[in-house]
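# Fold the following, please.
(chains A and B)
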Amino acid sequence: QVQLQESGPGLVKPSETLSLTCTVSGGSIGSGSYCWIWIRQPAGKGLEWIGRICNSGTTNYNPSLKSRVTMSLDTSENQFSVKLSSATAADTAVYYCARAAPGGYNIWSSDSWGQGTLVTVSS
Amino acid sequence: DIQMTQSPSSLSASVGDRVTITCRASQSISKNLSWYQQKPGKAPKLLIYGASSLHSGVPSRFSGSGSGTDFTLTIASLQPEDLATYYCQQSDSIPWTFGQGTKVEIK
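Residues are numbered from 1 along each chain as shown, chains lettered A, B, ... in the order given. The predicted model follows:
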């Protein structure tokens, strides 16, 4: 059973870059037809998909964040990361990393999740 | 973006009740829909994928149905541990989008 764990600063200053890493254990991040995704959830609100990076090389970002977000995959460390530049208070949220597995054409579901990490953007 | 609208936003039901949550997509998404359960303070967990396939280890009282724009999550007999918020999510097109959530409370 694959396990995921987010890590990174819990406090980021406005205008700086928010950076998080997800460490995967129990399986190789580079094997299989998986995508690795980031999702965030502001306090008391719903889930927002940030983007995905796939073992195939495909990378997609939410257009609402596209100009600020970058994802990367490090197979040697079994980790993947997200960077969100020019952070503002609106980026304050719990950030989750997850694995998305294919179940058919365009059928993707996130079957393994990290526990989430709270990032606060404040001076 | 494809908009996902869930109803109701919240509900209260008794243990043993049959509970139904609906999710409507703003355009056809075939069967590219998943359902997640999120308990307070925890990460979401996958319940259903492909609109109607039960994820491994999920109790059989959970079921999903639908295709195109209209989908349903049913809990056949509500249990105390089902207290949670439930989300639908489409993977038909980028960006993947979630419904706003349905909070299920136990009477």
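
# any idea how far the residue nearest to the spatial centre of chain A is from chain B?
The C-alpha lying nearest the average C-alpha coordinate of chain A belongs to A:Trp38 (CA atoms, centre = their mean; 2.3 Å). Applying CB to the nearest CB, to the nearest Å, the value for A:Trp38 to chain B is 11 Å. Using the backbone N, CA and C atoms, a C-beta is placed for each residue, glycine as well.

# what helix or strand is that residue on?
strand A:35-41 (DSSP states H and E).

# And for B:Cys23?
Here B:Cys23 is assigned to strand B:19-25, by DSSP H and E.

# Checking that strand against chain A, do any of its residues make contact.
No - using CB under 8 Å from any CB of the partner chain, strand B:19-25 stays clear of chain A, with a minimum separation of 12.8 Å.

# packing partners for that strand?
strand B:4-7, strand B:10-13, strand B:33-38, strand B:70-75, strand B:84-90, strand B:102-106 (3 or more CB pairs under 8 Å, 6 or more residues apart in numbering or on different chains; DSSP states H and E).

# Contacts only, for A:Leu65.
Neighbouring residues of A:Leu65 by CB atoms under 8 Å, 6 or more residues apart in numbering or on different chains: A:50-51, A:84.

# Any idea what the residue nearest to the centre of chain A is bridged to?
Bridge pairing for A:Trp38 (DSSP bridges) gives the partners A:Gly51, A:Cys97.

# in the sheet, who's paired with the spatially most central residue of chain B?
In chain B, the centroid-proximal residue (CA atoms, centre = their mean) is B:Trp35; its distance is 3.9 Å. Note on B:Trp35: beta-bridge partners by DSSP bridges are B:Ile48, B:Cys88.

# surely it meets B:Lys45?
No - in this structure, B:Trp35 is not within contact of B:Lys45 by CB atoms under 8 Å, at 9.9 Å.

# Which residue, other than its chain neighbours, is closest to B:Gly99?
Counting by CB to CB, 6 or more residues apart in numbering or on different chains, B:Gln6 is the residue found nearest to B:Gly99 once chain neighbours are left out, at 3.7 Å.
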